[in-house]
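# next come a sequence and a model predicted from it.
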Amino acid sequence: MNDPFGDKSLIKIMTCEPSAGLVDCRVFDNRIDFYMEQARLESRSEFKFFTGNTGRMSVNYARESMADTACRLDMDFILMIDDDQIVPKDMFERLYKTIEDQKADVVSPMVTQRYPPFNPVMWKQSWFDGGKIANIFIEEYEPNSIVECDAVGFGVVLIRVAMLKKTKMPRFFSNTYLGEDIYFCMKAKGEAKAKIIMDTSIKVGHMRHPEVATEYDFVKSKHLEEKFKEVYKTSKPVETIDELNVVTA
């Protein structure tokens, strides 16, 4: 049997779940469905999936450890999914197609904040006198579009490891007010000229208690129903994140 780490014919993906210790049956069931779909995809494709697990620790430590391991093992991509995200079963294939089609280095699906106004976690940046940076939410975007960003949130993110290797350590640690995801994106753009995008057609749910926040909550909060009427054709609630992706396609 070929060594999966050394087989150049395979596209190697490390799937990781930085954990803050959130335990919820909906996330657990969703993740089982997602990993089973990865197994089915692996059986009929050139993809080879590996898992990275650090146990419970601070998220920046977990991301740093997982990224370093992906580089050392010569992975092609690293997929990070936080333990408060509800994802569609076919998410990986869709993210992979987008990152390849767009020749991007970092791609996130449509992830929103969990609380009102449920802004999509994608930002543009502006510099002010004294070197201070402002991260401004991107709220104006076309429905089901690709948006190029200065930074995206890492609730779910697919990263090209070749670019990751060009970004100097520490990649996820900052003594500033910036979160580890924005800090990484700044380093990746500055040191590796990374292209960072969000594919807003891939809908992900962000766990809240007892609800799940999605892009539709953002649309309602900002009164954008008319703009998104072709995406959200139904006002009926959906039961699963996969159903949401079907009805908004």
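All right, it came through fine.

# quick one: strands adjacent to the helix or strand of the chain with the lowest mean pLDDT?
Least confident element among the helices and strands of the chain, by mean pLDDT, DSSP states H and E: strand 212-213 (a mean of 84). If you go by DSSP bridges, strand 212-213 pairs up with strand 205-207 (antiparallel).

# show me the helices in the chain, by range?
With DSSP state H as the criterion, the chain has helices at 25-43, 59-72, 91-101, 161-164, 180-192, 215-221, 241-247.

# right, and those - which one's nearest Thr200?
helix 215-221 (7.0 Å; C-beta to C-beta). Using the backbone N, CA and C atoms, a C-beta is placed for each residue, glycine as well.

# give the buried residues for the closest one.
Using 16 or more other C-beta atoms under 10 Å as the test for burial, helix 215-221 gives 215-220.

# likewise stretch 189-202?
Of the residues in stretch 189-202, those buried (16+ other C-beta under 10 Å) are 189, 192, 194-202.

# what residues does the least confident helix or strand of the chain touch?
For strand 212-213, the external contacting residues (C-beta atoms under 8 Å, 6 or more residues apart in numbering) are 26, 86, 112-115, 118, 205-206, 241.

# try 6 Å this time
Strand 212-213 has contacts (C-beta atoms under 6 Å, 6 or more residues apart in numbering) with 86, 112, 114, 118, 205-206.

# just give me how far that strand sits from the chain centre.
Its chain's average C-alpha position is 16 Å from that of strand 212-213, according to C-alpha atoms, centre = their mean, to the nearest Å.

# ditto for stretch 154-161
Counting by C-alpha atoms, centre = their mean, stretch 154-161 is centred 5 Å from the centre of its parent chain.

# what of stretch 91-100?
Offset of stretch 91-100 from its chain centre (C-alpha atoms, centre = their mean): 11 Å.

# check contacts around Pro109.
156, 199, 202, 204.

# low-scoring stretches of the chain, by residue?
For the chain, the stretches flagged by pLDDT under 70 are 1-2, 20-23, 55-56, 128-131, 234-238.

# try it again at 80.
Low-confidence segments of the chain (pLDDT under 80): 1-8, 19-24, 53-57, 126-133, 174-178, 209-211, 233-239.

# scan it for its longest strand.
Identified as the longest strand of the chain according to DSSP state E is strand 196-203.

# what angle sits between it and helix 91-101?
140 degrees (axes from the mean of the first three to the mean of the last three C-alpha atoms, to 10 degrees).

# okay, the contacts of Pro109 in TSV with distance to Leu79 next?
Putting the contacts of Pro109 into TSV (distance: C-beta to C-beta, whole Å) gives the following:
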residue	distance to Leu79
Val156	8
Asp199	14
Ile202	13
Val204	12
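
# and of the helices of the chain, who's closest to Ile138?
Comparing the helices of the chain against Ile138 with C-beta to C-beta, the closest turns out to be helix 215-221 (11.3 Å).

# I'd like the helices of the chain laid out as TSV, including distance to Phe5.
Output for these, formatted as TSV (distance: least, C-beta to C-beta, whole Å):
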stretch	distance to Phe5
helix 25-43	15
helix 59-72	10
helix 91-101	20
helix 161-164	13
helix 180-192	24
helix 215-221	37
helix 241-247	32
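
# for Lys132, which of those helices is the nearest?
Set against Lys132 and scored by C-beta to C-beta, these come closest in helix 180-192, at 13.1 Å.

# just the angle between that closest one and helix 59-72, please?
40 degrees.

# now Phe77. Nearest residue, chain neighbours left out?
Nearest non-adjacent residue to Phe77, counting by C-beta to C-beta, 6 or more residues apart in numbering: Ile13, 4.7 Å away.

# actually, Tyr216.
In space, and not counting its chain neighbours, Tyr216 is closest to Tyr232: 5.8 Å by C-beta to C-beta, 6+ apart.
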